[in-house]
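J.: No sequence on hand, only this structure:
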Ligand SMILES: [Zn+2]
Ligand SMILES: [Zn+2]
């Protein structure tokens, strides 16, 4: 089969590799679409937890074409989305409802072959059958949306609290919609690109501002005492350092964007103490595929305008470079033979 391979850091190859073999408790999925994610860029740059060579891709859905002999609840022809986070189910973290911190964690497209391939073998228990109404594009958004659902469970949105999101890329734009769904009445975003600013407004942001000299004044006008929740959705250390000036006393800061593993920021502990601040992380997802599927199937979250490019696998290197440069929104790779 054809697959995208990162043979080594900073290297991309689209090549013929052996078809995956199906373990007893696994299924083989023919991938329909797989989304490019900021994490893939960190993996490519060797700033994440992966080792090489790797078939990347962790945001995908497709059709089951083969089932292992112990699999009883799935069959060939089923359309599924796949939770790339593989939890063992028996370690201390899994038994304490923290499966995303599983001590034996493996990730499809992170530590095991992923979805930028015609086929991929995955544990049957990682598959979620799709409602017929969900498109392949929506299916490839279940994983990122499940990360957003996890973030919504990590923070506590209080009635009428103004919320600030730094960065309106695909994840920031999902956050805008999710925050409105969980009751936020005022969501402001800071974003450089005009197209993303327009989209943020369409999708529910009350205010979208461009970073620059006026930024602070504009944000202070709508939230004179600061925001109840400030969310970094950029992963950029300089942006993170600037975030705290917008946080209200007793506010919650959410680190949602992925920084390089070794990044550091300067932070004044006295400010945290004196302002009653809460620092929150949100790593991946934790059994949040079902609510993400429901949000998409019910039309509560609109992902259609978030896909800026749909590309065949052979042009992966080009679209990946554009994505890494920030000149796209979500890029979907169509991995089927037809492309
Ligand atoms: Zn991702
Ligand atoms: Zn575990």
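T.: Structure's in. What do you need? Predicted model only: the values in this text are computed from it and were never measured. Ligands and ions are numbered 1, 2, ... in the order given.

J.: Would you check that residue 12 makes contact with residue 4?
T.: Yes: if you go by C-beta atoms under 8 Å, residue 12 and residue 4 touch, sitting 6.8 Å apart. Where C-beta positions appear, they are placed from N, C-alpha and C, glycine not excepted.

J.: For the two, indicate the residue with more neighbours.
T.: residue 4 (28 against 17; other C-beta atoms under 10 Å).

J.: so what sits against both of residue 12 and residue 4?
T.: Residues touching both residue 12 and residue 4 (C-beta atoms under 8 Å, 6 or more residues apart in numbering): residue 316.

J.: element containing residue 243, please.
T.: Here residue 243 sits within helix 237-243, counting by DSSP states H and E.

J.: What are the buried residues along that helix?
T.: 237, 239, 240, 242, 243 (16 or more other C-beta atoms under 10 Å).

J.: cool, and stretch 322-333?
T.: So for stretch 322-333, counting by 16+ other C-beta under 10 Å, buried means 323, 324, 328, 329, 330, 331, 332, 333.

J.: quick check, nearest of those to ligand 1?
T.: Nearest to ligand 1 among these, counting by C-beta to the ion, is residue 330 at 10.0 Å.

J.: pLDDT value on the residue in the stretch 101-250 of the chain that ligand 2 sits nearest to, please?
T.: As assessed by C-beta to the ion, ligand 2 sits closest to residue 102 within the stretch 101-250 of the chain, at 3.1 Å. We have a pLDDT of 98 for residue 102.

J.: Quick one: the strands in the stretch 201-339 of the chain, in order.
T.: Secondary structure of the stretch 201-339 of the chain by DSSP state E, counting those that start in this stretch: the strands cover 207-209, 227-232, 247-255, 278-281, 307-312, 330-334.

J.: Kindly reformat these as a markdown table containing mean pLDDT.
T.: What follows is the strands of the stretch 201-339 of the chain, written out as a markdown table (pLDDT from 0 to 100):
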| stretch | mean pLDDT |
| --- | --- |
| strand 207-209 | 97 |
| strand 227-232 | 98 |
| strand 247-255 | 98 |
| strand 278-281 | 98 |
| strand 307-312 | 97 |
| strand 330-334 | 97 |
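
J.: Pick the most deeply packed of these.
T.: Sort the strands of the stretch 201-339 of the chain by mean neighbour count, taking mean count of other C-beta atoms under 10 Å, and strand 227-232 sits at the top with a mean of 26.

J.: neighbouring strands for that strand, and are they parallel or not?
T.: Looking at strand 227-232 with DSSP bridges, its partner strands are strand 162-166 (parallel), strand 247-255 (parallel).

J.: OK, contacts around residue 47?
T.: 260, 261, 262.

J.: okay, the residues you listed in CSV with distance to residue 306 and pLDDT next?
T.: Shown next, in CSV, are the contacts of residue 47 (distance: C-beta to C-beta, whole Å; pLDDT from 0 to 100):
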residue, distance to residue 306, pLDDT
260, 24, 87
261, 27, 86
262, 30, 92
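
J.: picking that back up, would you format the strands of the stretch 201-339 of the chain as JSON lines with distance to ligand 1 included?
T.: Listed next are the strands of the stretch 201-339 of the chain as JSON lines, based on distance: least, C-beta to the ion, whole Å:
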{"stretch": "strand 207-209", "distance to ligand 1": "23"}
{"stretch": "strand 227-232", "distance to ligand 1": "16"}
{"stretch": "strand 247-255", "distance to ligand 1": "15"}
{"stretch": "strand 278-281", "distance to ligand 1": "16"}
{"stretch": "strand 307-312", "distance to ligand 1": "14"}
{"stretch": "strand 330-334", "distance to ligand 1": "10"}
